[in-house]
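Q: Here's my sequence, what's the structure:
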Amino acid sequence: MKQFVILLCFAAGCLGTGNTAIPVDIGILYTDEDPIADIAIRHMEDRLKLFTNYTIKTHLVNVKDMSSCTMENIVCDMVEKGIYGIIGPPFEATNLIVQSVSEKLELPQLQTFWNPAMSDANNRTQVLNVYPDANMLAKAWATLIKGMGWRSYVLLYEDDDSLIQAQEILKLQREAADDFPIMIRKLLPDSDQSTLLKQIKVSKQVHVILVCRSDRILDILTQAETINMFEDYRSYVLMSLDAHTIDISGLKNNSANITTFRMIPTNKNSIRNVIRDWEFMEERYGRPTKINPETVKLSTALLHDAIHLFMTTFVELSYTRTFNPNPLKCRKNDIFVHGLEIAEYQKLRPLLNGILSEPLTGTIEFDSFGRRRNFKLQVVDLYNGRYRYTGDWSSENPDHIKPLTTPTNDTVYITDTNLQKGIVRVAAKEGEPYIMSVYNNDTGKTEFGRFNRGDSNNLTIMSVYNNDTGKTEFEGYAVDLIEEIATILKFSYEFYLVHDKKYGNYDPKIKNWNGLIREIIDRKAHLAICDLTITHERGRAVDFSMPFMTLGISILYSKAAKEMPDLLAFKEPLSDNIWLCIATAYLIMSLMIYITARLTPSEWESPHPCDDNPQELENIWSLRNSFWLTLGSIMAQGCDILPKGLSTRMLTSMWWFFSLIITASYTANLAAFLTNERMEPTIESYEDLAKQSVIKYGCVDGGATATFFRDSNVSTFQKMWSTMISSEPWVFQPTNKDGVKNVKTRKKMYAFFMESSQIEYERERDCELTQVGSWLDTKGYGIAMPINSPYRTSINEAILRLQENGILRKLKDKWWKQERGGGQCNETEHSAADSATELGIDQSCGRCVCGVNRWCSTRVRRCHFRVPMECTKNIRRGTDDSRTSFRDGIEVRPESIRI
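A: Coordinates of the predicted model:
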């Protein structure tokens with residue numbers, strides 16, 4: 001098939017040479033540094049012969065190291081030969097002379113280099129530039145940096161032009177304020193950049209923007225690799241549209257991320273077909289050449305497209321008009337009559353697919369001032385030794401990069417392979433139950449010493465140590481979680497404790513982080529884990545995995561102290577002296593009513609109401625009835641008999657009034673006694689804390705909870721934060737453990753804000769503690785890692801797998817409810833309000849005992865009086881029967897006693 005295509009092209013070429021071809025003179029100013037440029041020019045000549053009646057008569061001039069005077073003479077010689085236009089030069093140094101001659105003679109010029117001067121042009125001219133507009137290209141680089149999330153970086157530039165290219169990137173610093181400073185360093189004039197690179201390494205900056213010529217990039221990257229600046233988490237942006245053509249396969253220890261733009265869409269078949277035609281043409285002429293589309297430089301592609309654009313314009317305009325050679329003189333006032341016409345047509349007619357093929361750099365379109373617009377760039381990342389197309393940028397939407405769906409399986413494979421190459425360092429902060437020293441259940445002591453654990457393939461080796469006290473063995477939820485992740489991803493790891501024992505807090509005064517976050521920023525650790533809360537502020541400094549535990553801020557508080565129940569608790573509303581006085585008054589008043597009722601005539605009545613003249617009168621106010629009347633009155637139950645005499649009624653009324661006062665006082669005091677617990681300081685929610693000033697409250701100093709209150713926009717939380725920072729004594733605690741200790745020692749006078757998961761852990765071990773109210777917010781614990789960490793996706797997938805398999809739930813049950821005294825408090829919790837108002841059996845037991853005793857005494861009394869009565873009856877019957885003895889008379893038959 002290949003031979004057939006070559007033969008067909010050769011035959012077509014032979015046929016084409018038989019026709020009369022009209023030559024078109026074009027001056028081409030270029031350099032011979034790239035041999036592929038000559039191939040591209042020859043290819044355009046051949047294609048024009050095949051498909052048009054025109055042929056290019058090129059006036060090629062190598063302008064490398066050419067002086068301005070020489071350049072002027074060469075250009076003037078060209079125009080005297082009657083050229084229709086000039087393409088080039090490829091750089092700015094000699095362009096001023098060429099552009100000056102072109103504008104004077106109104107001769108079309110197509111520039112092919114980065115020219116910031118045209119970005120500010122405001123006059124219509126016949127000079128056009130096929131290179132992307134400098135201002136728009138600068139926006140493209142800024143959008144790339146912003147999309148990558150770089151807020152702190154090093155900008156290495158070569159010269160002043162490099163700073164112009166990076167002008168839009170530098171403007172991004174205004175948005176980032178001063179919290180994320182950048183470093184701007186100029187490359188050293190000689191080739192040795194090791195001193196500068198070492199300074200960058202010491203600065204802990206991991207993002208590098210390199211703005212220089214493409215021929216210097218490989219040398220700089222090689223030197224960076226020599227001083228180990230190509231390890232994980234380092235990223236480079238190469239600000240050259242030819243960076244993708246550099247062969248960096250010699251960088252052996254390349255784990256860094258390298259990103260750049262390219263303008264030639266080599267992933268398109270139409271572009272590859274053009275380059276394949278170059279190879280066929282060279283083979284046809286006996287010059288076999290292999291051309292990799294990825295290595296075609298932008299200058300060559302722009303030269304190809306400029307010739308293509310000019311000839312397409314010339315051919316299309318020749319349909320309606322005739323062009324004749326027009327020799328011009330530089331030192332005369334000659335002008336090219338068709339110059340402006342050709343230039344305006346090129347501005348109006350976008351080149352999507354010309355007479356020959358599709359442009360190598362995409363659609364060519366200009367604005368009215370000759371600047372190229374509506375161009376596209378492709379984002380490429382270094383992947384497995386070659387650049388991979390990952391996104392698109394368009395000048396039509398300059399503030400957005402459209403990402404592509406990349407083969408994630410390949411990415412995860414490479415990431416996992418890199419993980420297995422070395423040892424992953426995990427920074428941690430000691431705290432229950434996440435990171436704890438190993439506890440020996442047999443000896444009851446904490447053991448120290450290094451340990452290693454590995455599977456059969458020796459893929460997972462763990463070394464956990466304390467960098468303050470030497471090698472130390474740890475255990476806990478976080479240790480088990482990392483071990484499960486390491487088992488899935490098959491990497492080796494080691495733990496170490498952070499020196500300052502801080503989670504990670506930003507200090508705006510020194511503009512620096514501390515704790516675990518500082519360890520990640522300084523790249524001392526690959527991962528950081530403990531009860532580390534994912535927050536927005538921390539997320540700006542590091543990346544987090546997906547949450548392995550969801551929780552919220554809640555209140556830790558102590559339960560009310562429960563006293564032993566008193567069987568006689570019902571008498572507590574009144575003192576013992578009052579009870580004694582009431583009993584005495586009850587006795588005296590009952591006797592007075594009895595005596596008065598006996599003395600007053602009104603209380604003596606006929607036993608038969610119908611008998612008006614009874615022989616005997618009776619009085620119902622016996623001692624029993626008198627005591628019953630007073631008892632019923634003080635019990636507020638009344639009595640079925642009432643006095644009739646004036647004196648007895650006065651006494652009874654006095655007793656009733658006394659009973660009313662005593663009963664009302666007892667009822668009021670009983671209600672106050674039962675609700676006495678409510679009078680003590682207590683809380684049910686965070687609103688209760690905010691409204692009172694008796695109970696102090698605090699949280700961990702410098703932790704995520706403190707940040708939550710400090711940065712909250714809720715007025716209640718702002719008020720609580722102001723109260724905390726102004727409280728005396730200091731209410732903030734260094735650790736959660738200290739906060740729990742304060743809650744227990746200060747009883748109900750101190751509340752502590754902490755994560756609900758930690759409260760749950762403490763409640764499982766101390767039944768005196770309780771959680772008050774619901775969550776104040778919802779957040780999660782995550783594993784911290786450097787910004788743009790390549791391991792983030794793999795770790796997220798591992799955590800998701802552990803969650804789906806129930807491993808995370810098992811780990812939490814293990815360390816919360818089983819290990820180290822967990823699971824001791826499983827009773828149902830009640831709120832403070834419930835415990836204060838409910839009246840249980842303990843408080844009512846005394847009244848029940850009194851009731852039972854009264855019932856038993858009544859039964860005994862009935863038995864006591866029943867026996868003598870039966871004895872008396874038997875004795876009386878015995879008087880009539882001489883055969884009945886006294887012993888038989890007092891004998892009581894069981895069936896005669898009724899209880």
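Q: When you work out contacts or count neighbours from here on, use the C-alpha atoms and nothing else.
A: OK.
Q: and the residue sitting nearest the centre point of the chain, what does it touch?
A: By Cα atoms, centre = their mean, the chain has its centre lying nearest to Ile534, at 4.6 Å. Neighbouring residues of Ile534 by Cα atoms under 8 Å, 6 or more residues apart in numbering: Phe544, Pro547, Lys779, Gly780, Tyr781, Gly782.
Q: Tell me which of those residues fall in strands.
A: Among the contacts of Ile534, DSSP state E puts Phe544, Lys779, Gly780, Tyr781 in strands.
Q: for the record, mean pLDDT for stretch 31-46?
A: Here stretch 31-46 scores 87 as its mean pLDDT.
Q: Likewise for stretch 266-283?
A: 90.
Q: could you dump that stretch to CSV, C-alpha only?
A: Provided in CSV are the C-alpha atoms of stretch 266-283 (Å, rounded to 0.1, in the frame of the first residue of the first chain):
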residue,chain,number,x,y,z
THR,A,266,-0.7,15.8,17.1
ASN,A,267,-3.5,13.6,18.4
LYS,A,268,-5.6,14.4,15.2
ASN,A,269,-5.3,12.0,12.3
SER,A,270,-5.3,14.9,9.8
ILE,A,271,-2.2,16.4,11.3
ARG,A,272,-0.4,13.1,11.4
ASN,A,273,-1.3,12.5,7.7
VAL,A,274,0.4,15.7,6.8
ILE,A,275,3.5,14.7,8.5
ARG,A,276,3.3,11.3,7.0
ASP,A,277,3.1,12.9,3.6
TRP,A,278,6.4,14.6,4.4
GLU,A,279,8.0,11.2,5.0
PHE,A,280,6.6,9.9,1.7
MET,A,281,7.9,12.8,-0.2
GLU,A,282,11.4,12.5,1.2
GLU,A,283,11.4,8.8,0.5
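Q: and for it, what are the contacting residues?
A: With Cα under 8 Å, 6+ apart, stretch 266-283 has contacts from 6, 39-40, 43, 265, 288-291, 293-294, 357-360, 389.
Q: Quick one: which of the residues you listed is the most crowded by neighbours?
A: The most crowded member of these, judged by other Cα atoms under 10 Å, is Leu360 (25 neighbours).
Q: tell me the contacts of that one?
A: Contacts of Leu360 (Cα under 8 Å, 6+ apart): Ile264, Pro265, Ile271, Ala301, Leu302, His304, Asp305.
Q: And the last one, which helix or strand is it part of?
A: This points to Asp305. helix 298-317 (DSSP states H and E).
Q: Next, the angle helix 298-317 makes with whichever helix or strand comes after that helix.
A: Proceeding N to C from helix 298-317, the next assigned helix or strand is helix 339-348, under DSSP H and E. Counting by axes from the mean of the first three to the mean of the last three Cα atoms, to 10 degrees, helix 339-348 lies at 110 degrees to helix 298-317.
Q: Tell me the buried residues in helix 339-348?
A: Gly339, Leu340, Ile342, Ala343, Glu344, Gln346, Lys347 (16 or more other Cα atoms under 10 Å).
Q: Of the contacts of Ile534, which pair is most distant in space?
A: Phe544 and Lys779 (12.5 Å; Cα to Cα).
Q: quick one, which of these two is more surrounded?
A: Higher neighbour count among Phe544 and Lys779: Phe544, with 26 against 17, using other Cα under 10 Å.
Q: and the nearest residue to that one once chain neighbours are set aside, what does it touch?
A: By the measure of Cα to Cα, 6 or more residues apart in numbering, the closest residue to Phe544 outside its immediate chain neighbours is Ala784, 4.6 Å from it. Shown in contact with Ala784 (Cα under 8 Å, 6+ apart): Ile517, Ile520, Leu527, Ala528, Ile529, Val542, Asp543, Phe544, Ser545.
Q: Same check on Trp815?
A: Counted by Cα under 8 Å, 6+ apart, Trp815 has contacts Pro433, Gly476, Tyr477, Gly822.
Q: Sweet, I'm off.
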